[in-house]
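# This is a predicted model, with the sequence first.
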Amino acid sequence: MSSTDGTLSGKRVAFVATDGFEDSELTSPWQAVTDAGATAVLVSPDAGSITGKNGHEQRVDVTTEEAEAADFDALVLPGGVVNADDLRLDKAAVRLARDFFAQHKPVGAICHAAWLLVEADVLGGRTLTSYPSLRTDLVNAGATWQDEEVVVDAGLVSSRTPDDLPAFDAKLVEEIAEGRHAAQTV
């Protein structure tokens, strides 16, 4: 995909993360959507900047309290144990994730990021994957868990680890390009 692809031209993609995110799970999908023409926006509980577990620093564009799903075309949730655990305790992040589903917009979640979706109570009847240790949490939340590189379920794109990023990025761009999905709902 070239930097002038244009597939996602005019689209805004919210990336929700906080300190402790898995660096590549933020930077790789960010590059994929921006290479396809989208505008990526970093959303986090606190203003300033956040730091990944391997040292990548990135400036926060908007806080979870200020962010509204209506202002974006899609949501991406990078993993990282600390990141995901902290985000699921942030009521504004939980609300934001739920709103993306209610508005039928594409959502990408990789590794431990699905914890936020458990907290948002949007996984009943859905099929997805994650880091293997989340399997029981996802099943208990009503989801079907699959050990696959990438799983797509009506606009919900999920992958297990950074090793799956090429497949995750490609499917994420594809789902965002398709737009709203009627079955992507709470």
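Looks like it came in fine.
# mind listing what's buried in stretch 27-43?
By neighbour count on 16 or more other C-beta atoms under 10 Å, the buried set for stretch 27-43 is 27-30, 32-33, 35-38, 40-43. (Glycine included, C-beta is placed from N, CA and C.)
# Out of those residues, list just those in strands.
Ala40, Val41, Leu42, Val43 (DSSP state E).
# Let me know the closest of these to Ala17.
Nearest to Ala17, judged by C-beta to C-beta, of these is Leu42 at 6.9 Å.
# Would you agree that closest one is in contact with Thr63?
No: Leu42 is not in contact with Thr63 according to C-beta atoms under 8 Å; the separation is 10.2 Å.
# sec struct for Asp147, please.
In three-state terms, and counting by DSSP: H, G, I helix; E, B strand; the rest coil, Asp147 is coil.
# Where does the prediction get shaky in this structure?
Residue ranges of the chain with pLDDT under 70: 1-5, 183-186.
# Strands along that one, start to end?
According to DSSP E, the strands that the chain contains are 12-16, 39-44, 49-51, 57-59, 62-63, 74-77, 107-110, 127-128, 144-145, 150-153, 156-159.
# deepest of the ones you listed, which one?
Most buried of those by mean neighbour count (mean count of other C-beta atoms under 10 Å) is strand 107-110; its value is a mean of 30.
# Report all helices and strands that it contacts.
In terms of contacts (3 or more C-beta pairs under 8 Å, 6 or more residues apart in numbering; DSSP states H and E), strand 107-110 is packed against helix 23-35, strand 74-77, helix 91-102, helix 114-119, strand 156-159, helix 165-178.
# Count the residues that sit near Ser9.
Residues contacting Ser9 under the criterion other C-beta atoms under 10 Å number 12.
# Which residue is the nearest non-sequential neighbour of it?
Gly37 (3.8 Å; C-beta to C-beta, 6 or more residues apart in numbering).
# Next up, phi/psi of that neighbour, please.
For Gly37, the backbone dihedrals (degrees, to the nearest 10) come out as phi 100, psi 0.
# Leaving out the residues flanking it, which one is nearest to Asp73?
Counting by C-beta to C-beta, 6+ apart, Lys11 is the residue found nearest to Asp73 once chain neighbours are left out, at 4.2 Å.
# distance of the one you found from Thr39?
When distances are taken as C-beta to C-beta, to the nearest Å, Lys11 and Thr39 turn out to be 7 Å apart.
# ditto for Thr18
Thr18 is 21 Å from Thr39, where distance means C-beta to C-beta.
# ok, now which ones touch Thr17?
Check again: residue 17 is Ala, not Thr. For Ala17, the contacting residues are Leu26, Leu42, Val43, Ser44, Ile50, Leu77, Pro78, Gly80, Asn83, Leu87, taking C-beta atoms under 8 Å, 6 or more residues apart in numbering as the criterion.
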